[in-house]
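Engineer: Whatever this is, show me its structure:
(2 chains)
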Amino acid sequence: MVTRRWAYLLALALLGALALAGCAEDAGEATDDDATEEDAAVDETEDDVGDAEQPFAGETLTVLNWNDYGSDQDYAIEGFEERTGATVRHVYHSSGEELREILRTGGIGEIDVTNPNFSFLQQMVDEGMLQPLDESQLDNLDDVYDDFLASEDLYADGELYGAPWVWGSTGLTYNTEHFDEEPTSWEVLWDPEWEGQVGFMDSPIEAIMLAALYLGDDPHDPDLDAVREALVEMRPNVELYWGSSDDWTRAFTTEAISVGNFWAGDAGSMMAEGEPVGYTIPEEGAVGWIDAWTVVADAPNPELAHAWIDWMISEDFLVEWGEDPAGNAPAPANERAQEQLSDEARERIQAFPEQVEDLAIMGALTQEEQQAYTDLLAEVKAGVQ
Amino acid sequence: MLPSGLLLVALVVAPLGLLVYFGLLSGPGVDGRVTGEEWGRIAGQPELYGRLLLRSLGLGLAATALTIVVAWPTAWALSRHVRRVRALYLALVIIPHLTSSLLLIYAMYVLIAPGGPLMAALVGVGLAGAGDSLLFTRWAVLLMLAYLFLPFMVIALYAAVERIDDTVLDAARSLGAGSWQRFRHVVLPLTAPGMLAGLVIVFTPAAGAFVEAQILGGTDGMMFGTLISEQVSRVNNQPRAAAMSVILLVSILMLLGGLRWGLRRAFPGALRARR
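Structural biologist: Numbers count the residues shown, from 1 in each chain, chains lettered A, B, ... in the order given. Below is the predicted model:
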């Protein structure tokens, strides 16, 4: 009898623990200060109460971002905490879609700032997830490339919603040990020679724009039937539809994949670590992206949020991030920061402004387009012919 | 009676009702009118939705079968052969699963990656070629799901095996039943309730799983659950996700009903109301 009771207790403990583990995963939440750092921050704030230099002492800023994407670097957090006296807390997401999902399910009212991909910005404004930026609180906006600030997708009803932070491309990335010379065309992804060795990004908009570029079609208004056909044709070559930088890196370093489309900043970072990675913008061009910081609707600390964004887009931070070999930085959208980068850093983070001409920048999609794109890629991934 | 009834309504009936209702709306979000158009769209594409539903149910069944095959002898051994250190063994079965399932998935990734320990061993004994790997195949997903839900099945079967009275086995022996006959006609039927309980708690989550397949399954990693998740996260098409959830739920219930019927036929009298 006693043993039986034990068995049930254990079973209950197991079920409870699994349920808890599930919850923790779902929330995807973590603060990056460990206990000691947190203590230090608290001490600091106590010392500096009333200090005019630290107008936000005691406040906590909640940032929603990718894990290990600049904003959670020690120097990013410490630099901001020194300037403002506030404490920074991070909540992580693992995809642009999850970002919006977190906001939809309780993030609004809790999260202050986030940096959605350009292509999601309009829809997020429509869904009431964001508030317009107060440009008077963002001095460093003056240094951002005019070309980026001229993009219509950053505005709604004439008001600015996103402050361009970094930009990059999703270029052709390959294992230099498996390629004798640099491939010059996306055609390599369809080449039977690379059957079962392609890592292709699991993102409807990237997949469809890339296929359109390959087909010589307009990436912003492609013929979806032709695109579907091309993606189905590519499928035997695909080993993995990757969803995150981790997915790609793990598959690449175990040599499960040799070639595919991958983000410039992450590829450059792998190069710096000595991985046999090559990165190129092929002759057809590549899909490009801009990440912009936004203030979430009902942000608990809107002024602090603006201070954070001004820090994130500042020359000081962007140069420090770009020069950090372990930082995974993309190219800065701040012109003065780009000029100050060392040649080594510029190569590593692929900060070449002249590439912008070859890029098809992902823009906003209508709800109908998003539905069509999502369904199309789902069919391709499911193996529907 | 009344408070518990209210709890049931609030926590079970109402959410299920809402799920069915959301499935009838027109998307995106859940502010649209009742049109039922998403059901039409799903029905119009059986080659996508039907294909993935069959894949998910099939994988769930295979994973469940695998857990029964491994868990039954484990439960028997726990109950009959290691009585003195049984709690320790049970704890050892369970402890690895007290961690985040994501960690277990990545652990499996390392195990089955090309050149990883499992593949190296298989190459060593000549069962696999040097470049082969289970990673990014449906076998990886099956292995993962079976591993993930194994403790549930062990505990369900252990509870059933433990309940078998030794005197029943003595009686069968004294009546001349051989060891196979005792297993087939006494022991196995008596564990049928445990198998049924295990089926419910393993098959249900396994058929709805998608994270495991996403990480380990490569191009075979698209599940019915993946499709539900994408409809919510990528396009906020909650009505379609709700309709698909209803389809998955009903399919799982029907399959479980069929399996229960099958178990009853296989072991007459074993699944009557007990005590």
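
Engineer: Please report phi then psi for the nearest residue to B:S26 once chain neighbours are set aside.
Structural biologist: Leaving out its chain neighbours, the residue that sits closest to B:S26 by C-beta to C-beta, 6 or more residues apart in numbering or on different chains is B:G32, at 3.9 Å. Every residue, glycine included, has its C-beta placed from N, CA and C. Main-chain dihedrals, B:G32, degrees, to the nearest 10: phi -80, psi 180.

Engineer: just A:I361 next, same as before
Structural biologist: As for A:I361, its main-chain torsions (degrees, to the nearest 10) stand at phi -80, psi 130.

Engineer: Quick check: bridge partners of it?
Structural biologist: Each beta-bridge partner of A:I361 is listed here: A:G288, as defined by DSSP bridges.

Engineer: In which helix or strand does the closest residue to chain B within the stretch 1-150 of chain A reside?
Structural biologist: Nearest to chain B, among the residues of the stretch 1-150 of chain A, is A:E97, at 3.7 Å (C-beta to the nearest C-beta). Taking DSSP states H and E as the criterion, A:E97 maps to helix A:96-102.

Engineer: pLDDT score assigned to the closest residue to A:I102 other than its chain neighbours?
Structural biologist: Across the structure, with C-beta to C-beta, 6+ apart as the measure, the residue nearest A:I102 apart from its sequence neighbours is A:H93 (5.7 Å). Residue-level confidence at A:H93 comes out at 94, pLDDT.

Engineer: who touches the closest residue to chain A within chain B in this structure?
Structural biologist: Proximity to chain A, evaluated over chain B using C-beta to the nearest C-beta, is greatest for B:S233 at 3.7 Å. The contact partners of B:S233, by C-beta atoms under 8 Å, 6 or more residues apart in numbering or on different chains, come to A:95, A:97-98, A:100-101.

Engineer: and the lengthiest strand in chain A with chain B, contact?
Structural biologist: Of all segments of type strand in chain A, defined using DSSP state E, the longest is strand A:163-175. No. Contact between strand A:163-175 and chain B is absent, the nearest approach being 13.7 Å (criterion: C-beta under 8 Å from any C-beta of the partner chain).

Engineer: The helix or strand following that strand: partners in the sheet, and parallel or antiparallel?
Structural biologist: Toward the C-terminus, strand A:163-175 is succeeded by strand A:198-201 as the next helix or strand (DSSP H and E). The partner list of strand A:198-201 in its sheet, established with DSSP bridges, is strand A:238-242 (parallel), strand A:259-263 (parallel).

Engineer: list the buried ones in the very next helix or strand once past the first one?
Structural biologist: Once the chain leaves strand A:238-242, the next helix or strand it forms, by DSSP H and E, is helix A:245-253. Along helix A:245-253, these residues count as buried under the neighbour rule (16 or more other C-beta atoms under 10 Å in any protein chain shown): A:245, A:247-253.

Engineer: Kindly report the same for stretch A:323-341.
Structural biologist: Residues of stretch A:323-341 classed as buried under the neighbour-count rule (16+ other C-beta under 10 Å) are A:323-324, A:327-335, A:337-338, A:340-341.

Engineer: from these, which is closest to B:G262?
Structural biologist: Compare each of the buried residues of stretch A:323-341 with B:G262 using C-beta to C-beta and the shortest gap goes to A:N328, at 53.3 Å.

Engineer: Double-check that B:Y158 belongs to a helix.
Structural biologist: Yes. The assignment for B:Y158 by DSSP: H, G, I helix; E, B strand; the rest coil puts it in a helix.

Engineer: thinking again about what came up before, so the residue nearest to A:I102 bridges to which residues?
Structural biologist: A:H93 forms beta bridges with A:W66, as assigned by DSSP bridges.

Engineer: can I assume it is in contact with A:L99?
Structural biologist: Yes. A contact is recorded between A:H93 and A:L99 when judged using C-beta atoms under 8 Å, the distance being 4.4 Å.

Engineer: which residues do the two both contact?
Structural biologist: Among the neighbours of A:H93, those also in contact with A:L99 (C-beta under 8 Å, 6+ apart) are A:L64.

Engineer: Show me which of those two is the more surrounded one.
Structural biologist: Regarding A:H93 and A:L99, a neighbour count based on other C-beta atoms under 10 Å in any protein chain shown identifies A:L99 as having more, with 26 against 21.

Engineer: So what's the residue count around the nearest residue to A:H306 once chain neighbours are set aside?
Structural biologist: Using C-beta to C-beta, 6+ apart and skipping the chain neighbours, the partner closest in space to A:H306 is A:Q137 (3.9 Å). For A:Q137, the count of nearby residues is 15 (other C-beta under 10 Å).

Engineer: Tell me the confidence at A:Q137?
Structural biologist: Predicted confidence (pLDDT) at A:Q137: the value is 96.

Engineer: OK, contacts around the nearest residue to A:L154 once chain neighbours are set aside?
Structural biologist: Nearest non-adjacent residue to A:L154, counting by C-beta to C-beta, 6+ apart: A:G162, 4.6 Å away. For A:G162, the residues meeting the contact criterion (C-beta under 8 Å, 6+ apart) are A:116, A:118, A:121, A:133, A:154, A:292-294.

Engineer: one more time with 10 Å
Structural biologist: Applying C-beta atoms under 10 Å, 6 or more residues apart in numbering or on different chains, one finds that A:G162 lies in contact with A:115-118, A:121-122, A:124-125, A:130, A:133, A:148-149, A:151, A:153-156, A:290-295, A:309.

Engineer: For chain B, see how far away it is.
Structural biologist: Taking C-beta to the nearest C-beta, to the nearest Å as the measure, A:G162 and chain B are separated by 20 Å.

Engineer: Next: A:E369.
Structural biologist: Counting by C-beta to the nearest C-beta, the gap from A:E369 to chain B is 10 Å.

Engineer: gap between that residue and A:L121?
Structural biologist: Using C-beta to C-beta, to the nearest Å, one gets 15 Å for the distance from A:E369 to A:L121.

Engineer: A:V356 now?
Structural biologist: If you measure A:V356 against A:L121 using C-beta to C-beta, the figure is 19 Å.

Engineer: Compare neighbour counts for the two and give me the winner.
Structural biologist: Here A:V356 and A:L121 are compared on neighbour count by other C-beta under 10 Å; more neighbours surround A:L121, at 25 against 15.

Engineer: right, and the more buried one touches A:P132 too?
Structural biologist: No. Under the criterion of C-beta atoms under 10 Å, A:L121 is not in contact with A:P132, lying 11.9 Å apart.

Engineer: list the residues that contact both of the two?
Structural biologist: A:155-156, A:161, A:294.

Engineer: Those in helices, which ones?
Structural biologist: Cross-referencing these against helices under DSSP state H gives no overlap.

Engineer: among the residues you listed, which two are most distant?
Structural biologist: Within the shared contacts of A:L121 and A:P132, two members stand farthest from each other by C-beta to C-beta: A:Y155 and A:T294, at 12.1 Å.

Engineer: Need the residues touching each of the two.
Structural biologist: Taking C-beta under 10 Å, 6+ apart as the contact rule, A:Y155 and A:T294 both touch A:121, A:125, A:132, A:161-162.

Engineer: Would you convert the residues you listed into JSON lines that also reports pLDDT?
Structural biologist: Shown next, in JSON lines, are those (pLDDT from 0 to 100):
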{"residue": "A:L121", "pLDDT": "88"}
{"residue": "A:V125", "pLDDT": "93"}
{"residue": "A:P132", "pLDDT": "97"}
{"residue": "A:Y161", "pLDDT": "96"}
{"residue": "A:G162", "pLDDT": "95"}
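
Engineer: now the helices: where do they sit in the stretch 201-350 of chain A?
Structural biologist: A:204-215, A:224-234, A:245-253, A:264-272, A:302-312, A:315-323, A:335-340, A:343-348 (DSSP state H, counting those that start in this stretch).

Engineer: Same list (those) but as JSON lines, adding mean pLDDT.
Structural biologist: Conversion of these to JSON lines gives the following (pLDDT from 0 to 100):
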{"stretch": "helix A:204-215", "mean pLDDT": "97"}
{"stretch": "helix A:224-234", "mean pLDDT": "97"}
{"stretch": "helix A:245-253", "mean pLDDT": "93"}
{"stretch": "helix A:264-272", "mean pLDDT": "86"}
{"stretch": "helix A:302-312", "mean pLDDT": "97"}
{"stretch": "helix A:315-323", "mean pLDDT": "95"}
{"stretch": "helix A:335-340", "mean pLDDT": "92"}
{"stretch": "helix A:343-348", "mean pLDDT": "85"}
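
Engineer: All set now, cheers.
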